[in-house]
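Enquirer: missing the sequence, but the structure's below:
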């Protein structure tokens, strides 16, 4: 794609990177075939190619973002299916991230849009605040019909209330900073605690730690580690996302330079995609560039790390599992066959979901900000999952788990939970809630 930037416009690394990405696009349109919003809406401007044109015009003009640009960029899920499809290697992720930051800096959103974004950015990355919000959301469920009747703002509040679980796990006690390996230690890793996941499903990391400890891996939770920054990063709030990222980089660097780490384990693939991109985010920061690159190189999805361990199933269960590959897993990190191989090694029958490349509609806060599109995508995803007639669903991202669970009665578990159970751990909570037992 030809670009028309003036030389003085290319005076920042961010603009130089985006100009290079724009020039990589060859207008082929392959991306439109796998874009969820184009699939549903049929509008070229709601396809990656259309958004690339809009972003190009916005950045070249140097003017504030327009309502048209914001509308179509906001509808992008950042599922990154287009990057898997693109034959030219267009890094759409970095381009749309830049566009969102530009929009955040130059566009005056309506008051209700600004308000809900401030609320989400102030709650979701902080576990204690998030827990309080979920309790209030649960109390607000009777008001949902009233909220649904209010256009845009009300529907978004209704989506927030709808996503609040009817029951929350109890607040955790003070957790130890280190979990020793069983027997002689064969490795040492840090685990990302995260923000939303420990509130909604603390059992995921608990299962992961048990699984790793049984395999001879010491697990540590570094002091000062927290939200990865992904949620605010995808809202265009670069200052906030970089602050979260720096806190994590500092926490993990202390461990790396102390007793050392073999890997940084991430059990939410949405977080993993962002952490693996820290090296790019801080490429021009002399204080953090090398530290960020090192952290990104050590970041591993739990399934990546488990692939290098010897895992032997201790249970014999004839179960059919529908594996939902989160967009951040298959498109963001290009991890496709590994999780399936791990599940098959547990003697489970693994079913691929039809249209598995299409997003479930979770996408961070997308199911709150764009509830109607997200709802259509969830219904489509659930219908495709149920076609496989599985006993349960496995996936590797808390957002997908929450989104899909709202549309089906099938139990849904994290891949690590399922492997932990099959290798000697306790029955995962969603299976117990569905009436399952450890008995064959």
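Expert: Ah, there it is. Only a predicted model underlies this, so the values are computations on that prediction, with no experimental measurement involved.
Enquirer: so where's the stretch 301-440 of the chain uncertain?
Expert: Applying pLDDT under 70 to the stretch 301-440 of the chain picks out residues 440.
Enquirer: run the last query once more with 90
Expert: 316-317, 437-440 (pLDDT under 90).
Enquirer: Do you have the strands of it handy? List them.
Expert: With DSSP state E, counting those that start in this stretch as the criterion, the stretch 301-440 of the chain has strands at 320-323, 349-352, 392-395, 412-414.
Enquirer: Over to the stretch 101-250 of the chain?
Expert: 178-179, 187-191, 217-220.
Enquirer: Would you give the sheet partners of the shortest one, along with the direction of each?
Expert: The reference is to strand 178-179. strand 217-220 (antiparallel) (DSSP bridges).
Enquirer: biggest helix in the chain, by residue count?
Expert: The longest helix of the chain (DSSP state H) is helix 238-257.
Enquirer: Just want the angle from that helix to strand 187-191.
Expert: Helix 238-257 runs at 160 degrees relative to strand 187-191, counting by axes from the mean of the first three to the mean of the last three CA atoms, to 10 degrees.
Enquirer: ok so, going back, so which of the strands of the stretch 101-250 of the chain comes closest to residue 155?
Expert: strand 187-191 (36.3 Å; CB to CB). Bear in mind the C-beta positions are built from the backbone N, C-alpha and C, glycine included.
Enquirer: Check this protein and tell me which residue is nearest its centre.
Expert: For the chain, residue 270 is the residue whose C-alpha lies nearest the centre (CA atoms, centre = their mean; 1.8 Å).
Enquirer: quick revisit: contacts for the longest helix of the chain next, please.
Expert: Outside helix 238-257, the residues that touch it by CB atoms under 8 Å, 6 or more residues apart in numbering are 101, 104, 121, 125, 190, 192, 220, 222-230, 232-233, 261, 264, 274-275, 278, 281-282, 288, 291-292, 294-295, 298.
Enquirer: how much distance is there from it to the middle of the chain?
Expert: 18 Å (CA atoms, centre = their mean, to the nearest Å).
Enquirer: ok so, going back, would you turn the strands of the stretch 301-440 of the chain into a markdown table with distance to residue 378 and mean neighbour count?
Expert: Listed next are the strands of the stretch 301-440 of the chain as a markdown table, based on distance: least, CB to CB, whole Å; neighbours: other CB atoms under 10 Å:
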| stretch | distance to residue 378 | mean neighbour count |
| --- | --- | --- |
| strand 320-323 | 15 | 21 |
| strand 349-352 | 19 | 16 |
| strand 392-395 | 13 | 25 |
| strand 412-414 | 12 | 25 |
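Enquirer: just so I know, which of these lies nearest residue 184?
Expert: Across those, closest to residue 184 is strand 412-414 (CB to CB), at 27.8 Å.
Enquirer: can you list contacts of the closest one?
Expert: Applying CB under 8 Å, 6+ apart, the contact partners of strand 412-414 are 201, 204, 207, 267, 324, 392-396, 398, 401, 404-405, 428, 430-431.
Enquirer: Mind doing that once more with 10 Å?
Expert: The contact list for strand 412-414, computed with CB atoms under 10 Å, 6 or more residues apart in numbering, reads 197, 201, 203-205, 207-208, 267-268, 302, 321-322, 324, 385, 390, 392-398, 400-405, 419-421, 427-431, 434.
Enquirer: how many neighbours does residue 32 have?
Expert: When neighbours are defined as other CB atoms under 10 Å, residue 32 has 18 of them.
Enquirer: do you know how far it is from residue 128?
Expert: The gap separating residue 32 from residue 128 is 43 Å, by CB to CB, to the nearest Å.
Enquirer: Distance check, residue 8 against residue 15.
Expert: 10 Å.
Enquirer: Mind listing the shared neighbours of these two?
Expert: Here residue 8 and residue 15 have residue 62 as joint contacts, going by CB under 10 Å, 6+ apart.
Enquirer: could you point out which element follows the longest helix of the chain?
Expert: Counting by DSSP states H and E, the next helix or strand C-terminal to helix 238-257 is strand 263-266.
Enquirer: Quick one: mean pLDDT for that following strand?
Expert: When pLDDT is averaged over strand 263-266, the result is 98.
Enquirer: what ranges do the helices span in the stretch 251-400 of the chain?
Expert: 269-275, 278-281, 289-298, 302-306, 327, 337-345, 366-369, 371-387, 398-405 (DSSP state H, counting those that start in this stretch).
Enquirer: relative to helix 371-387, how tilted is the last one?
Expert: This means helix 398-405. Per the same axes, to 10 degrees, the angle that helix 398-405 makes with helix 371-387 is 80 degrees.
Enquirer: how distant is helix 398-405 from the center of its chain?
Expert: 10 Å.
Enquirer: which secondary structure elements does that helix contact?
Expert: Applying 3 or more CB pairs under 10 Å, 6 or more residues apart in numbering; DSSP states H and E, we find helix 398-405 packed against helix 153-163, helix 197-200, helix 269-275, helix 366-369, helix 371-387, strand 392-395, strand 412-414.
Enquirer: what's the burial count for residue 142?
Expert: The local packing of residue 142 (other CB under 10 Å) involves 8 other residues.
Enquirer: swap that for residue 97, please
Expert: Applying other CB under 10 Å, I find that residue 97 has 24 neighbouring residues.
Enquirer: Check residue 187 too.
Expert: Counted with other CB under 10 Å, residue 187 comes out at 18.
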